[in-house]
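>>> sequence? don't have it. structure:
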């Protein structure tokens, strides 16, 4: 019979439920609801979907497991190796959960558990790596080694892998994507700001430690100095070409490095733009008197021919830090050192420094502001009689 019907049912224990049956416009769906209000809401939702021409027979869809959805997504989409790895991992962790049981509350519990989860050591590992110490890190507060937990940026990737897969599946099968679990659970942070910069003598220690490397010793020293002076991200540095370095020996202050927008990780941001990085004196002389000696005929990239990715470079730098006994320091921290120098040693405005560093959100530079000497008092008294 066409129409909408709500039937009250009483269970053996006296529990009351409401069976909804809808037969309209070729649609035949049914659902058991706990309350009449919930049943009426279901009818309204189905009616709305019928009016929009959307599929409403999602009973089978909601019984599908997340593992089935992730598998289907991987089958029909070209996925980067890292994201494929994340989805395969999610299939093992939450793959048995039916789509209908994927709710805001359970998703919140999953995210919380992942953020507190200790990173397990490799089962098949033959011997421990001195660089990772069984996934233990130095607690800067206590000075002790503590077991490492998953970072927010790692869980963020899982968050978006789930969201992308479910959103694609809804579109592919013509049903409404449930945004609620994601609207009510914010994604973990992409990164946590670090304030670590080199202390006195640590730069010399890093440069000296390159002598213990088997190959590319001078190239490593030059790259460390480049990062220390340039304010550039490691990824930008590896894409840097020799013809993008412009030295004006007759007027060194006109010298600059051209950084194309497409080389930056913020290339797709609204205010991203190409930038010209002026050279402070030490940087200019380093390039002119030392770095240029590395240039070879037919070589296009300054450093990219030596290290193919920033992750490979980071692994090399980790070894250097260990040999130099410089703790809690990453290659990206050299960029912090470079940006800090401008706050400590110049009167450039935040906007002027951002043109050098490539920050498009000035709020990111606020943590450097404490490094700058404050002359607010002097400004207040400047016009006093």
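Sure, I can see it. Note that this is a predicted model, so its numbers are computed, not measured. Residues are numbered from 1 along each chain as shown.

>>> Could you list the low-confidence segments of the stretch 201-350 of the chain?
Residues of the stretch 201-350 of the chain that meet the criterion pLDDT under 70 lie in 267.

>>> all strands for it, in order.
For the stretch 201-350 of the chain, the strands defined by DSSP state E, counting those that start in this stretch cover 245-246, 256-259, 275-278.

>>> Then the stretch 51-200 of the chain?
Going by DSSP E, counting those that start in this stretch, the stretch 51-200 of the chain shows strands at 136-138, 145-147.

>>> Lowest average pLDDT across these?
Between these, the lowest average pLDDT goes to strand 136-138, which shows a mean of 62.

>>> Report how many residues lie close to residue 301.
15 (other Cβ atoms under 10 Å). For glycine as for every other residue, the C-beta is placed from the backbone atoms N, C-alpha and C.

>>> what's the closest residue in space to it that isn't next to it in sequence in contact with, if anything?
The shortest distance from residue 301 to any non-neighbouring residue, by Cβ to Cβ, 6 or more residues apart in numbering, is to residue 241 (5.9 Å). Residues near residue 241 by Cβ atoms under 8 Å, 6 or more residues apart in numbering: 300, 301, 302.

>>> please redo it, this time with the cut-off set to 10 Å
By Cβ atoms under 10 Å, 6 or more residues apart in numbering, the residues touching residue 241 are 258, 260, 263, 299, 300, 301, 302, 304.

>>> For my notes, please list those in CSV and give distance to residue 275 for each entry.
Listed next are the contacts of residue 241 as CSV, based on distance: Cβ to Cβ, whole Å:
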residue, distance to residue 275
258, 8
260, 9
263, 10
299, 24
300, 20
301, 19
302, 17
304, 19
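
>>> So among the residues you listed, which ones count as buried?
Buried subset of the contacts of residue 241 (neighbour count, 16 or more other Cβ atoms under 10 Å): 263, 302, 304.

>>> and which of these is nearest to residue 32?
residue 263 (56.8 Å; Cβ to Cβ).

>>> which one is that closest one nearest to, not counting chain neighbours?
residue 239 (4.3 Å).

>>> Can you tell me the element residue 49 falls in?
helix 36-52 (DSSP states H and E).

>>> What helices and strands are in contact with that helix?
When contacts are defined as 3 or more Cβ pairs under 10 Å, 6 or more residues apart in numbering; DSSP states H and E, helix 36-52 packs onto strand 3-10, strand 16-24, strand 27-33.

>>> Return the set of buried residues in the longest helix seen in the chain.
Looking across the chain with DSSP state H, the single longest helix is helix 152-172. Neighbour counts over helix 152-172 (16+ other Cβ under 10 Å) mark 152, 155-159, 161-163, 165-166, 168-170 as buried.

>>> Give me the distance from that helix to the chain's centre.
Distance of helix 152-172 from its chain centroid, counting by Cα atoms, centre = their mean, to the nearest Å, is 14 Å.

>>> Repeat that for stretch 330-338.
For stretch 330-338, the separation from the chain centroid amounts to 17 Å (computed by Cα atoms, centre = their mean).

>>> Dihedrals phi and psi, the nearest residue to residue 156 once chain neighbours are set aside?
The shortest distance from residue 156 to any residue other than its chain neighbours is 4.5 Å, reached at residue 188 (Cβ to Cβ, 6+ apart). Phi and psi for residue 188, reported as degrees, to the nearest 10, are phi -60, psi 160.
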